[in-house]
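Chemist: 3D model of this:
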Amino acid sequence: MKPFEQQSLSKRLHLDVPLCFGLLVLCGLGLMVLYSAGGEDLGIIIRQATRMGVAFVFMFLVAQLPPAVIERWSLWLFIAGIATLVTVLWVGHVGKGAQRWLDLGFFRFQPSELMKLSVPMVVAWYLANKTLPPNIGNIIIVGLMIIIPVALIAKQPDLGTSLLVATAGLSVLFIAGIRWKIILIFGALCSMCAPILWYFMHDYQKRRVLTLFNPEQDPLGAGYHIIQSMIAVGSGGIYGKGWLNGTQSHLEFLPERSTDFIFAVYCEEFGLMGVLLLLCIYLFIIARGLYIAANAQQTYGKLLAAALTLTFFVYIFVNMGMVIGQLPVVGVPLPLISHGGTSMVTLMVAFGILMSIHTHRRILSS
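Modeler: Numbering: from 1, shown residues only. Coordinates of the predicted model:
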């Protein structure tokens, strides 16, 4: 181990330079797109930049924690998350027809965001000391760890977040080497349960699924978002209309243009070439995350780093698929581009965990 004085500044601060670089570039691009999507309002940029600063502080603080500490906290964080989800169902703040927030007076907290981290953390914690690939008994226990928070979140209702939490937990199982036979059986069971799930879905959720297949059926109602989004994406062409020149967003045809559908604004203004640039930035961050997972020293670190990276990819895939009309509208923001604070802090905490896993490993092995 090198003396502290001989270590680089990034090692002392437990920051991974390539990952930090990718995140900073992505956040800078996000502010530029948001300025256009928000109607050239400096206020929204200042608020978003402030949230980014807070999120980076959380990332830095989490990066200082050794992976062993994070592993020890995994179960307690999961239990606290379950407790807050139950509390939300009793006394949660209601907004836009959903009961998802706890009003603490000075700010509102959305416990489901906590589960995006705590579910993969607790699954990785449980499987870390088990024989891999996991046997049926361990898979059942992990399934319960995933189903309980997913059911509580879906009850709010928040189908989009519940699916993301389920994906985060299941990704740990996949990375742990679950057999393909079990995956196929699970897929078949999910297909068989789809009619039952449809029965329990709310009317607006059913409309979202049906709109996916035929948005023109209700062009001024349920299909309006998708139709306007696809118009914006297609009108961008190869090189786009140019920054601040998007007509769908500036003429206010495109709903939720600064949040869930900001990718449509980006496509219209920067075109296919701009989309390829954005995908390259995302790919760089994902590749770095997978590199950190592959080089982690402990099983817990490998499972958690790979699962968090895969979850980040799912965020991107779902949002872009939703915007281009290939997936139902489920309210998933585009990571570090869409306007918002809670999801950004959650993502940056996840990247702080990645940096903790990698930088503490490098110090131990130096």
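Chemist: what about residue 114, neighbour count?
Modeler: By other C-beta atoms under 10 Å, the residues close to residue 114 number 22. No exception for glycine: its C-beta is placed from N, CA and C like everyone else's.
Chemist: Contacts only, for it.
Modeler: Counting by C-beta atoms under 8 Å, 6 or more residues apart in numbering, residue 114 makes contact with 77, 80-81, 84, 346.
Chemist: Closest to residue 32 out of the residues you listed?
Modeler: residue 346 (22.7 Å; C-beta to C-beta).
Chemist: Let's test this: name the helix or strand in this structure with the lowest mean pLDDT.
Modeler: strand 93-95 (a mean of 69; mean pLDDT, DSSP states H and E).
Chemist: Show me what the following helix or strand past it is packed up against.
Modeler: Using DSSP states H and E, the next helix or strand after strand 93-95 towards the C-terminus is strand 98-103. Counting contacts by 3 or more C-beta pairs under 8 Å, 6 or more residues apart in numbering; DSSP states H and E, strand 98-103 is packed against helix 67-91, strand 93-95, strand 108-109.
Chemist: Tell me which of those sits nearest to residue 320.
Modeler: Closest to residue 320 of the helices and strands packed on strand 98-103 is strand 93-95 (C-beta to C-beta; 26.3 Å).
Chemist: What count of nearby residues applies to residue 298?
Modeler: 15.
Chemist: so how far is residue 128 from it?
Modeler: 7 Å (C-beta to C-beta, to the nearest Å).
Chemist: Mind listing the shared neighbours of those two?
Modeler: Joint contacts of residue 298 and residue 128 (C-beta under 8 Å, 6+ apart) are residue 71.
Chemist: Any idea how many residues pack against residue 310?
Modeler: Neighbour tally, residue 310, other C-beta under 10 Å: 21.
Chemist: Secondary structure element holding the nearest residue to it once chain neighbours are set aside?
Modeler: Spatial nearest neighbour of residue 310, chain neighbours left out: residue 171 (4.4 Å); criterion: C-beta to C-beta, 6 or more residues apart in numbering. Residue 171 belongs to helix 159-175 when elements are defined using DSSP H and E.
Chemist: Which helix or strand contains residue 232?
Modeler: helix 224-235.
Chemist: what sits up against that helix?
Modeler: Residues contacting helix 224-235 (C-beta under 8 Å, 6+ apart): 211-212, 215-216, 218-219, 241, 246-249, 253-256, 261, 263-265, 267-268, 323-325, 329.
Chemist: hang on, the earlier thing: quick one: contacts for the residue nearest to residue 310?
Modeler: Here residue 171 is in contact with 120, 306-307, 310-311, 314 (C-beta under 8 Å, 6+ apart).
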